[in-house]
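Student: pasting the sequence and the predicted coordinates here, then a few questions.
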Amino acid sequence: MPAQQSTLAPARASADRRGPAATPGGALRRRAADATVWYLRLIAVLNIAAVMSLPFRHEVDEHNNGRLTLHLHRQHAHHSGQFFTPYLATAGLVSAALAIFFVLVMRRRKRAAWVVNVVLSTPLFVLYVLALTQHEYRAHAFNWVSAALTGLFVAALLIGRREFDAVGDPSNPRLALAVGVGGVAVTGVLGTLLVHVTNRFHGATLSDEIAYTLLRGISVGPLADQVTAVHASRWTDIVINVLLAAAFCLVLYAGFRSPRGRRLLSAEDETRLRGLLDRHGARDSLGYFALRRDKMAIFSPTGKAAVTYRVVGGVSLASGDPIGDPEAWPGAIDAWLTEARQHAWTPAVMGASEEAGTIYARHGLDALELGDEAIVDIADFTLEGRAMRVVRQAHNRVRRAGYTVRVRRHEDIPPAEMSLLTERADRWRDGTTERGFSMALGRLGDPADGRCVMLECRDADDVPRALLNFVPWGEHGLSLDLMRRDRDAENGLMEFMIVELLLKAPELKVDRVSLNFAMFRSVFERGSRLGAGPVLRLWHATLTFFSRWWQIESLYRANAKYRPIWEPRYLLFARSSDIPRIGLASARAEGFLTVPWGA
């Protein structure tokens, strides 16, 4: 996204920096931990190559047979059984899936992954060392290489032990056991049926077919050929291996998944956040949205600042700026990043201001400009002049049609009337999902939100047709929260209501209003100008195309009518490779994407 690259100048500390890593011992531990990840990456590539390449697979199978002989028939070793391969190098999709998965979880420094690798690799290395005391094994240089690579992997695990401190969900072992039993059972039943149907030999017993199925699940090579009573079709072998690999991946996910982050905003947290907003709420127009009750809050050691966030799909997704005193922001950010690392969550911030983005960048996060927030300064707003002609005409047209707007604080609306307004808002909602996260409160009519402002629009027959809701932005500002309208109402109704609010703002002692967020605004503004470069023009054309469905450009144009001040907002992230995952998590949090298994 060349046109949207951040203008922030981050102090490039590591995103997961820690004090000990600055010492020589800490640096060694980190390099050792990184080495385990690179080893697993190499093994994953080799395993995939072994599955895809028939000659390579035969070569790996020949060496793996040595490992099998080493385990079961050491005293009767034959020529093809005198080799063994490094840790996790086999010719099967299960091993490839295991290596790939370990790459992901070891890169995120999960303690459980470290334990599993130690338990699997250490006894294997000891076995290799014992095997090399026998002439038939130590005569082959490849065995020394395999033992050395496995030993180096074990050594790297032990040296980097303290790096792997990310915890998992306490329910993971039980879930992994249940998924494993179910996966093996389903694979065994389906695989045995396929083997029975496609077996070209006659007279195989059920135990022969089950043994063949389980061995074929481990490897697509000749491992299962030891069951001489069975000779199934090649496609059956592949299906069984794929099924077991898929089941194994589910077991790995269940065993190593991050904690869900189910702890939500408590009453005590909300009280503390409201106190911080009372003192510092005027700094950020999105500050009040920190009070969403599907978020969590983590405070600085002094209690003077907090970061609010929600865990979605393993992403610790914060929104807006930290709440509270900017002097205490670094303490809250440190606490949030530490918690994210401890739980192997990917840290990300949606919609941070430039001030907060600069501080996040000092903590190792990188920045990407998402777009701009439209802020109207009431002192500068007017309907006069040629530039406001379209807005002025639309406002006059709706007013002549008999529409009126009533503006009230929630605390001035009787409870029974508020219930009716809430019911209408639900009825007018587009779809069943309540959308919004970073710039939406997620509730309407709560008694604790008495300072929010409701705009109710009625037609000439006094029938309710639309409503807008705004949350406080300090003492003298408002931020748009919710827009709902009857689909049969007059066009331009929302514009009419916003103008009415801007005109009546002085009565409410409001001097600034934050409207919608316009993603990639600068692309639309600069992309069509004379002299725009080819990359910017291509990006502009791409966004224009997708605006047919997502209304990206139309939202920008709708905000631009009021001639607002544009304030940039940023996405903060630790690694560029995390951006797709963060994008999915953001889409889920905002309600644009739903998944059946929850957050």
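Tutor: All right, it came through fine.
Student: please confirm that Met350 is located within a helix.
Tutor: No: going by DSSP: H, G, I helix; E, B strand; the rest coil, the assignment for Met350 is strand, not a helix.
Student: wait, it sits on Gly583?
Tutor: No: between Met350 and Gly583 there is no contact under Cβ atoms under 8 Å: 10.2 Å. C-beta here means a position set from N, CA and C on the backbone, and glycine is covered the same way.
Student: and those two? Which one has more around it.
Tutor: Taking other Cβ atoms under 10 Å, Met350 and Gly583 do not tie; Met350 has more neighbours (25 against 15).
Student: the more buried one and Thr422: what is the separation?
Tutor: Separation of Met350 from Thr422 (Cβ to Cβ, to the nearest Å): 27 Å.
Student: then His231?
Tutor: Note on His231: its distance to Thr422, by Cβ to Cβ, is 69 Å.
Student: can you check Ala99 too?
Tutor: 53 Å.
Student: neighbour-wise, which of these two wins?
Tutor: More crowded of Ala99 and Thr422, by other Cβ under 10 Å: Ala99, with 23 against 15.
Student: look at that one and give its secondary structure.
Tutor: Three-state assignment for Ala99 (three-state DSSP): helix.
Student: check what pLDDT it gets.
Tutor: Per-residue pLDDT puts Ala99 at 87.
Student: one more: Asp481?
Tutor: 92.
Student: same question, the one 10 residues further on
Tutor: Per-residue confidence for Asn491 comes out at a pLDDT of 81.
Student: look at it and say how many residues are nearby.
Tutor: Close neighbours of Asn491, defined as other Cβ under 10 Å, add up to 10.
Student: quick one: it from Tyr212, how far?
Tutor: Asn491 sits 69 Å away from Tyr212, going by Cβ to Cβ.
Student: tell me what the longest helix belonging to the chain is packed against?
Tutor: Of all the segments of type helix in the chain, defined by DSSP state H, the longest one is helix 24-52. Applying 3 or more Cβ pairs under 8 Å, 6 or more residues apart in numbering; DSSP states H and E, one finds that helix 24-52 contacts helix 54-72, helix 93-107, helix 141-159.
Student: I'd like to know which elements the longest strand along the chain is packed against.
Tutor: For the chain, the longest strand by residue count, based on DSSP state E, is strand 366-377. Under the contact definition 3+ Cβ pairs under 8 Å, 6+ apart, strand 366-377 sits against strand 346-352, helix 354-362, strand 512-519, helix 521-527, strand 565-573.
Student: just the buried positions in that strand, please.
Tutor: 366-376 (16 or more other Cβ atoms under 10 Å).
Student: mind putting those in CSV, distance to Phe573 and pLDDT included?
Tutor: Compiled in CSV, the buried residues of strand 366-377 are given as follows (distance: Cβ to Cβ, whole Å; pLDDT from 0 to 100):
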residue, distance to Phe573, pLDDT
Asp366, 6, 94
Ala367, 8, 92
Leu368, 7, 89
Glu369, 13, 86
Leu370, 11, 85
Gly371, 16, 84
Asp372, 19, 87
Glu373, 19, 90
Ala374, 24, 91
Ile375, 25, 93
Val376, 30, 94
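Student: between these, which is nearest Ala131?
Tutor: Using Cβ to Cβ, Asp366 comes nearest to Ala131 of the buried residues of strand 366-377, at 47.8 Å.
Student: helices and strands of this protein: which one has the lowest mean pLDDT?
Tutor: The helix or strand of the chain with the lowest confidence, counting by mean pLDDT, DSSP states H and E, is helix 54-72 at a mean of 47.
Student: got the angle between the longest strand of the chain and strand 565-573?
Tutor: 160 degrees (axes from the mean of the first three to the mean of the last three Cα atoms, to 10 degrees).
Student: pull strand 366-377 out as CSV, backbone CA atoms only.
Tutor: Backbone C-alpha positions of strand 366-377 (Å, rounded to 0.1, in the frame of the first residue of the first chain) are rendered in CSV as follows:
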residue,chain,number,x,y,z
ASP,A,366,5.4,-0.5,13.1
ALA,A,367,2.7,1.7,11.7
LEU,A,368,0.6,1.8,8.6
GLU,A,369,-1.8,4.7,7.8
LEU,A,370,-5.4,3.3,7.6
GLY,A,371,-7.2,6.5,6.8
ASP,A,372,-8.6,9.7,8.3
GLU,A,373,-11.1,10.6,10.8
ALA,A,374,-13.4,13.5,9.9
ILE,A,375,-13.6,16.1,12.6
VAL,A,376,-15.8,19.2,12.3
ASP,A,377,-14.8,22.3,14.2
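Student: quick one: that strand to strand 346-352, angle?
Tutor: Here the directions of strand 366-377 and strand 346-352 differ by 20 degrees (the same axes, to 10 degrees).
Student: show the average pLDDT along the next helix or strand after strand 366-377.
Tutor: Moving toward the C-terminus from strand 366-377, the next helix or strand (DSSP states H and E) is helix 389-400. The average pLDDT within helix 389-400 is 90.
Student: just the C-alpha atoms of helix 389-400, please, in PDB.
Tutor: The C-alpha trace of helix 389-400 is given here as PDB (Å, rounded to 0.1, in the frame of the first residue of the first chain):
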ATOM      1  CA  ARG A 389     -24.100  24.500  -1.800                       C
ATOM      2  CA  VAL A 390     -24.900  20.800  -2.200                       C
ATOM      3  CA  VAL A 391     -25.200  20.300   1.600                       C
ATOM      4  CA  ARG A 392     -27.300  23.400   1.900                       C
ATOM      5  CA  GLN A 393     -29.700  22.400  -0.800                       C
ATOM      6  CA  ALA A 394     -30.100  18.800   0.600                       C
ATOM      7  CA  HIS A 395     -30.700  20.200   4.100                       C
ATOM      8  CA  ASN A 396     -33.400  22.700   2.800                       C
ATOM      9  CA  ARG A 397     -35.100  20.000   0.700                       C
ATOM     10  CA  VAL A 398     -35.500  17.600   3.600                       C
ATOM     11  CA  ARG A 399     -36.600  20.400   5.900                       C
ATOM     12  CA  ARG A 400     -39.300  21.500   3.400                       C
END
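Student: show me which positions of the helix or strand following that helix end up buried.
Tutor: Later in the chain than helix 389-400, the nearest helix or strand by DSSP H and E is strand 404-409. Buried positions in strand 404-409, judged by neighbour count with 16+ other Cβ under 10 Å: 405, 407.
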